[in-house]
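# Below is the sequence, then the predicted model.
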Amino acid sequence: MNETWLVTGGAGFIGSNFVHFVRANRPDVRIVNLDKLTYAGHLESIREFLDDPMHIFVHGDIANRELVRYLLKIFEVTKVVNFAAESHVDRSIEGPAAFVETNVVGTFNLLDTCRNYWTNLPEEARKNFRFLHVSTDEVYGSLGPDGYFTEETKYAPNSPYAASKAASDHFARAYYKTYGFPVIITNCSNNYGPYQYPEKLIPLTLLNAVEGRELPIYGDGQNVRDWLYVMDHCEALCMVLDRGRVGEQYNIGGESEKTNIEVVRTICRILEEFTPVEKNDLLIKRGVKIDSYEDLIRFVPDRPGHDRRYAMDISKIKNELGWFPRESFETGLRKTVKWYLDNMDWCNSVTEGLYDRRRLGLI
């Protein structure tokens with residue numbers, strides 16, 4: 001029997017890439033894509049699938065129990081993949097309430113509705129059903145210069161965003177422990193790649209540099225993140241859905257630790273190859289005179305509660321499922337830079353009237 005997956009948040013960054021990955025690699029899977037289309041969710045990211053009979057887009061909220069109940073029943077959903085979330089730390093500092101509403105209350109409503117649906121399924125369908133809750137490494141807090149997050153690391157969230165995701169993880173785990181609901185949780189490191197909203201470090205840096213705008217670096221630029229190419233992440237999620245153990249948690253990382261200043265300088269170097277400053281028409285038009293894109297770097301006051309370092313131990317998913325990241329940071333970043341340069345119309349369409357690239361999260 002062909003499967004039907006309910007993908008929530010499937011017009012957002014990771015969710016839309018997941019749709020692209022599944023349509024390319026699992027053509028037998030029908031996707032019901034439920035997205036609220038907030039500022040970071042866009043039909044432009046899944047435009048090519050809107051007339052695909054194996055991809056059904058539904059504009060709606062995971063907190064709408066009646067809608068979720070209807071979709072589960074009418075499409076006979078076999079698996080649920082929950083990407084739906086508010087996800088930008090700076091925005092959570094400015095307005096934490098929206099993060100509680102979507103990430104905590106929304107996830108609870110989705111879990112509870114799906115559990116009720118699962119409870120009434122025939123025995124074989126109950127056995128095969130899965131609820132994959134996609135979360136973040138930020139729930140673990142901050143690391144010092146050494147060590148790695150494992151699946152046993154104690155939760156210690158330091159931002160409203162991280163706290164809201166930690167709460168949603170706890171609800172997901174509790175639904176497995178209390179009701180036997182077949183939940184699996186994944187916690188990923190920093191994703192990058194196509195269709196990422198230009199408020200995040202890599203696309204923001206890239207677009208600002210191309211236009212000759214300042215490249216703000218928080219603090220001393222030595223905050224460390226583990227970078228994961230989004231398509232590698234999507235492959236890992238499919239493997240977890242297929243073979244992951246119910247009730248377990250899997251860390252997914254790129255094994256590519258970089259400081260923020262390293263990331264920005266690497267983007268500048270790759271941009272110099274694709275669009276040298278002396279041939280960049282946007283710089284010429286704006287009268288920006290620089291010798292290299294790195295001349296645009298500016299250090300600015302740090303973000304409140306800025307975690308110093310994240311790093312993931314991904315031994316569990318490697319050993320149990322045989323997954324490993326295919327892209328190095330250099331190869332993945334080159335693909336990412338090229339995609340944004342080739343898709344500037346997408347960038348303009350998703351930000352026009354919504355986001356002017358100003359700094360968020362200042363107190």
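Received it, and whenever you're ready, just let me know what you need.
# residues in contact with stretch 84-99?
8-9, 12-13, 15, 34-36, 38, 40, 62, 102-103, 106-107, 110, 134, 136, 138, 159-162, 164-165, 168, 197, 199-200, 303-305, 359-363 (Cβ atoms under 8 Å, 6 or more residues apart in numbering). For every residue, glycine as well, the C-beta is placed using N, CA and C.
# give me that answer again for 7 Å
8-9, 62, 102-103, 106, 159-161, 164-165, 199, 303-304, 360-361, 363 (Cβ atoms under 7 Å, 6 or more residues apart in numbering).
# ok, now stretch 332-343?
In contact with stretch 332-343 (Cβ under 7 Å, 6+ apart) are residues 192-194, 202-203, 206-207, 229, 266-267, 270-271, 274-275, 347.
# And for stretch 188-201?
Here stretch 188-201 makes contact (Cβ under 7 Å, 6+ apart) with 13-14, 16-17, 40, 45, 88, 136-137, 202-204, 207, 225-231, 233, 252-254, 260, 263, 310, 312, 332, 336, 339, 347, 350-351, 355, 357.
# In helices only, show me the residues you listed.
13-14, 16-17, 202-204, 207, 230-231, 233, 260, 263, 332, 336, 339, 347, 350-351 (DSSP state H).
# buried stuff in stretch 320-332?
Neighbour-count burial for stretch 320-332, with 16 or more other Cβ atoms under 10 Å as criterion, is recorded at 321, 323, 325, 327, 329, 332.
# Present those residues as TSV; the columns should include pLDDT, distance to residue 280 and secondary structure.
As requested, the buried residues of stretch 320-332 are exported to TSV (pLDDT from 0 to 100; distance: Cβ to Cβ, whole Å; DSSP: H, G, I helix; E, B strand; the rest coil):
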residue	pLDDT	distance to residue 280	secondary structure
321	98	44	helix
323	98	39	coil
325	98	32	coil
327	98	27	coil
329	97	24	helix
332	98	23	helix
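# shaky segments in this structure?
By pLDDT under 70, the low-scoring segments of the chain are 1, 353-363.
# Residue 125 and residue 47: what is the separation?
Residue 125 is 33 Å from residue 47, where distance means Cβ to Cβ, to the nearest Å.
# Kindly apply the preceding question to residue 341 instead.
19 Å.
# Would you map the helices across the chain?
Using DSSP H, helices in the chain cover 13-25, 65-74, 89-94, 96-99, 107-119, 123-128, 160-179, 201-210, 230-243, 260-274, 281-286, 315-321, 329-342, 344-351.
# returning to that earlier point: any of the contacts of stretch 332-343 buried? List them.
In the contacts of stretch 332-343, the ones that pass as buried (16+ other Cβ under 10 Å) are 192-194, 202-203, 206-207, 229, 266-267, 270-271, 275, 347.
# Give me the neighbour count for residue 27.
For residue 27, the neighbour count with other Cβ atoms under 10 Å is 11.
# Can you report phi and psi for it?
When read as degrees, to the nearest 10, the backbone of residue 27 gives phi -60, psi -20.
# nearest spatial neighbour of it, skipping sequence neighbours?
Using Cβ to Cβ, 6 or more residues apart in numbering and skipping the chain neighbours, the partner closest in space to residue 27 is residue 54 (7.0 Å).
# close enough to count as contact, the one you found and residue 30?
Yes - if you go by Cβ atoms under 7 Å, residue 54 and residue 30 touch, sitting 4.9 Å apart.
# of these two, who's got more company?
More crowded of residue 54 and residue 30, by other Cβ under 10 Å: residue 30, with 21 against 15.
# and the more buried one, what are its bridge partners?
residue 4 (DSSP bridges).
# So it is in contact with residue 52, correct?
No - assessed by Cβ under 7 Å, residue 30 is found out of contact with residue 52, at 9.6 Å.
# How much space separates residue 35 from residue 67?
12 Å.
# Looking at these two, which is more packed in?
residue 35 (27 against 16).
# Name the residue in residue 341 and residue 47 with the higher neighbour count.
residue 341 (16 against 12).
# Quick check: chain neighbours aside, which residue is closest to residue 102?
residue 86 (4.9 Å).
# which residues sit in contact with residue 163?
So residue 163 contacts residue 157 (Cβ under 7 Å, 6+ apart).
# do residue 318 as well
So residue 318 contacts residue 324 (Cβ under 7 Å, 6+ apart).
# next one: the one 5 residues further on
Shown here is residue 323, whose contacts under the criterion Cβ under 7 Å, 6+ apart are 235, 236, 239, 317.
# what's around residue 151, how many residues?
Count around residue 151 with other Cβ under 10 Å applied: 18.
# so residue 133 bridges to which residues?
residue 82, residue 185.
# wait, it sits on residue 82?
Yes - using Cβ under 7 Å, residue 133 is in contact with residue 82, at 5.1 Å.
# Return every residue with contacts to both of the two.
Joint contacts of residue 133 and residue 82 (Cβ under 7 Å, 6+ apart) do not exist.
# circling back to that earlier point, in JSON lines, list the contacts of residue 323 along with distance to residue 151 and neighbour count.
Shown next, in JSON lines, are these (distance: Cβ to Cβ, whole Å; neighbours: other Cβ atoms under 10 Å):
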{"residue": "235", "distance to residue 151": "19", "neighbour count": "19"}
{"residue": "236", "distance to residue 151": "14", "neighbour count": "24"}
{"residue": "239", "distance to residue 151": "16", "neighbour count": "17"}
{"residue": "317", "distance to residue 151": "9", "neighbour count": "23"}
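# Redo the residues you listed as a markdown table? Include distance to residue 24.
Below are those laid out as a markdown table (distance: Cβ to Cβ, whole Å):
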| residue | distance to residue 24 |
| --- | --- |
| 235 | 11 |
| 236 | 16 |
| 239 | 15 |
| 317 | 21 |
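# Out of those, flag the one nearest to residue 121.
Closest approach between these and residue 121, by Cβ to Cβ: residue 239, at 23.7 Å.
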